[in-house]
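Enquirer: Make a model of this:
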Amino acid sequence: MSVDSIPRPAPLYRQGWFWLCLLATLISLVIRNSSRGFVSYDFMYFYLPWSEHLEANGGFAGIPSLDTDYTVAYHYILAFLTYLPASYLAKVKVVSTFFDLSAAILIFFIVAKLDPAKTLVKPSLAYIIAIFIPTVILNSAVWGQCDSIYTAFVLGCILALLHRKYALAFISSGIALAFKLQAIFFLPVLCLLLLEEKQVKLWHFLIIPVVNFVIYLPAWALGKPLQQYFDAYLIQVTQYSDLVRRFPSLWHWLNQPPSWMQNLALVIALGTIGVFYLFNLYRKNKLTAPPFLIQTSMLTVMLCALLLPTMHERYMYMADLLAAIYLVFQPRKFFIPLAIWAASLVGYLDVLFGITQVSLYRWFALILLAACVYLLVSLIKKEEISSSNPRLEAHQVSGPV
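Expert: Presented below is the predicted three-dimensional model:
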């Protein structure tokens, strides 16, 4: 992003929006700090034993013998934390909170790039919304989860795409996938980009596994067997056999579904996304062009979470943050972000606080479905994310990303 892309009539520190963002950040940190003592099941039975194992075996030297369903990228972070003071609970939550803020900063720059007005208003509002999204706060400060890490790199990928830095975008996507398999929900958007943008080549996709392998190399050098390279991903894919878990998936409406429904759900999910993409390609709608990229990405993640089997409560995290961008450009369509955040929140309340009811999952699945249909129709009608503002320059609207 060029220095001149945001006009600055006065030094940044003198601008009201800077101080408002700073104040909002401090308030959000106070809110997060109020949950510092909350101990989740995942921390007690996974993160803490993993951290203790690493500390007992020499920090980084303990990575080869650490057996988890998380990738080595997160092992490096846990190993690094063993050398720092404070409790593991605090350190794990600080790391996740750091990436909360990093993701929000990336959202600021994404909005600044997309906003035709080129002011600080919408970027600042998007930043503030992002750090106060309930599921984002619950994910890091309460639960101690690390979904903000891979999502920050996906947002970095989107920002690079908006700047047409394609190699950098795929590097960022590769890092995201190195942390969590859920980053794969953004892969269909990159595949669509290949079909829509001539500057994107097949070799760009080779960057993703290369980045993954490079990240694995330090663990291999420390003695972790190379055959375990894919183990974390395989465990995540195969460890659950039920069709639904704690997310408002559409499949909650089925009572005692047979095991073969998992495969059918996978086909339906990929088929729905594929047909939607192909229909727009046929109509020459460039879904990855700047005015539509956020909606396309958000809708793709939503459809994956709604239709794929064995979806967990955190799997729509990317859409939770993308909804902040959508909201600042489309405030009159606030019901879309609210539907996304409410649907995500159902599973969080169940896992963290035991607030559960099957009917909640079913009805919020229908709400999420309605939001998906609305976004789908909007994209087919070519409704730009910034349509409430002056139009983007003609080359931005009709040209490639």
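Enquirer: for the stretch 1-150 of the chain, what spans make up the helices?
Expert: 16-33, 41-42, 48-56, 72-81, 88-114, 121-132, 134-137, 147-162 (DSSP state H, counting those that start in this stretch).
Enquirer: so which of those helices is the most packed in?
Expert: Of all the helices of the stretch 1-150 of the chain, helix 147-162 has the most neighbours on average by mean count of other CB atoms under 10 Å, namely a mean of 25. For glycine as for every other residue, the C-beta is placed from the backbone atoms N, C-alpha and C.
Enquirer: now for it, which elements pack on it?
Expert: If you count contacts as 3 or more CB pairs under 8 Å, 6 or more residues apart in numbering; DSSP states H and E, helix 147-162 packs onto helix 88-114, helix 166-179, helix 290-307, helix 317-329.
Enquirer: In JSON lines, list those helices along with distance to Leu187 and mean pLDDT.
Expert: What follows is the helices and strands packed on helix 147-162, written out as JSON lines (distance: least, CB to CB, whole Å; pLDDT from 0 to 100):
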{"stretch": "helix 88-114", "distance to Leu187": "19", "mean pLDDT": "97"}
{"stretch": "helix 166-179", "distance to Leu187": "8", "mean pLDDT": "97"}
{"stretch": "helix 290-307", "distance to Leu187": "9", "mean pLDDT": "96"}
{"stretch": "helix 317-329", "distance to Leu187": "12", "mean pLDDT": "97"}
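Enquirer: any chance of the ones you listed in TSV, plus distance to Asn263?
Expert: Below are the helices and strands packed on helix 147-162 laid out as TSV (distance: least, CB to CB, whole Å):
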stretch	distance to Asn263
helix 88-114	34
helix 166-179	23
helix 290-307	13
helix 317-329	24
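Enquirer: Out of those, which gets nearest to Leu375?
Expert: helix 290-307 (4.5 Å; CB to CB).
Enquirer: coming back round to it: columns distance to Leu195 on top of the helices of the stretch 1-150 of the chain, output as a markdown table?
Expert: Formatted as a markdown table, these follow (distance: least, CB to CB, whole Å):
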| stretch | distance to Leu195 |
| --- | --- |
| helix 16-33 | 38 |
| helix 41-42 | 39 |
| helix 48-56 | 41 |
| helix 72-81 | 30 |
| helix 88-114 | 22 |
| helix 121-132 | 29 |
| helix 134-137 | 32 |
| helix 147-162 | 14 |
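Enquirer: The ones you listed: which one's closest to Lys382?
Expert: Among those, the nearest to Lys382 by CB to CB is helix 88-114 (15.8 Å).
Enquirer: next one: the closest one to chain centre, how far?
Expert: 11 Å (CA atoms, centre = their mean, to the nearest Å).
Enquirer: sorry, back to before: so which of the helices of the stretch 1-150 of the chain gets nearest Leu266?
Expert: Of these, nearest to Leu266 by CB to CB is helix 147-162, at 21.2 Å.
Enquirer: Quick one: work out the angle between that closest one and helix 166-179.
Expert: Using axes from the mean of the first three to the mean of the last three CA atoms, to 10 degrees, the inter-axis angle of helix 147-162 relative to helix 166-179 is 170 degrees.
Enquirer: could you give me the average pLDDT of helix 147-162?
Expert: Averaged across helix 147-162, pLDDT comes to 97.
Enquirer: now it and helix 72-81, what's the angle there?
Expert: Using the same axes, to 10 degrees: helix 147-162 against helix 72-81 is 120 degrees.
Enquirer: Determine which of the helices of the stretch 1-150 of the chain approaches Val210 most closely.
Expert: Between the helices of the stretch 1-150 of the chain, helix 72-81 lies closest to Val210; by CB to CB that is 14.5 Å.
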